[in-house]
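one predicted model, sequence on top.
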Amino acid sequence: MKLEDFEARQPAFILEEFFSGTLRGYGVTIGRLGGFQNRFTIDARGSFDAMANVLTLKEDYFFDDGHSDTLSWTILKRAENRYEGREPKIDGTADGNQSGSAFLWQYTRDVPSADGSTTRFGFEDWFILHDERHMSVHASLTKLGVEVATIEAFYEKS
């Protein structure tokens with residue numbers, strides 16, 4: 001996929017609008033060879049400070065094996081379609097770009113496992129807005145530059 005593929009598609013995905021408020025998400029992780037790895041739910045809460053151009057977003061992930069993960073994002077709107085994010089478990093900063101109904105979010109993060117260990121993955125998250133309350137996500141997880149899993153998820157805004 002390329003961001004240009006979504007340029008004319010509506011509605012426009014405005015990150016700070018969609019993620020302001022309360023959301024619920026559901027997803028699955030699929031291994032590199034197509035095998036099911038897990039399913040999860042997401043509880044998310046966000047708020048946008050227009051004066052500072054900053055979206056604060058907290059996402060709580062609950063996996064079917066009993067472990068959980070929390071992402072606490074601080075996302076700065078750098079320009080009309082460009083964002084930069086920080087989160088305690090990411091390496092450096094996340095880079096985000098929006099075009100039409102899509103948003104591409106790229107970063108590297110240490111991801112906790114059920115046994116307490118962590119693994120560093122590269123993420124390429126594609127957010128596709130369907131309407132004002134629904135969005136789907138396709139994410140590619142890489143390790144040492146090789147795709148090891150994909151995530152398929154969707155969010156519903158309350």
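Yep, that arrived.

okay, CA-based contacts and neighbour counts for the rest of this
Fine.

any buried residues in stretch 55-73, and which?
Judged by neighbour count using 16 or more other C-alpha atoms under 10 Å, the buried positions of stretch 55-73 are 55-63, 68, 70-73.

could you list the low-confidence segments of this protein?
Scanning the chain for pLDDT under 70 picks out no residues.

all strands of it, in order?
Ranges of strands in the chain, per DSSP state E, are 21-31, 36-49, 54-63, 68-79, 82-86, 94-99, 102-112, 118-131, 134-143, 146-157.

could you say which one of those comes nearest to Gln10?
With respect to Gln10, and counting by C-alpha to C-alpha, the nearest of those is strand 118-131 at 8.2 Å.

that older thread, among the buried residues of stretch 55-73, which two are most distant?
Farthest pair in the buried residues of stretch 55-73, by C-alpha to C-alpha: Leu55 and Phe63, 25.3 Å.

not counting sequence-adjacent ones, nearest residue to Val148?
Excluding its sequence neighbours, the residue lying closest to Val148 (C-alpha to C-alpha, 6 or more residues apart in numbering) is Arg32, at 4.7 Å.

and that neighbour, what does it touch?
Glu147, Val148, Ala149, Thr150 (C-alpha atoms under 8 Å, 6 or more residues apart in numbering).

return the residues in contact with the third one.
When you say that, I think you mean Ala149. Applying C-alpha under 8 Å, 6+ apart, the residues near Ala149 are Thr29, Ile30, Gly31, Arg32, Ser140, Leu141, Thr142.
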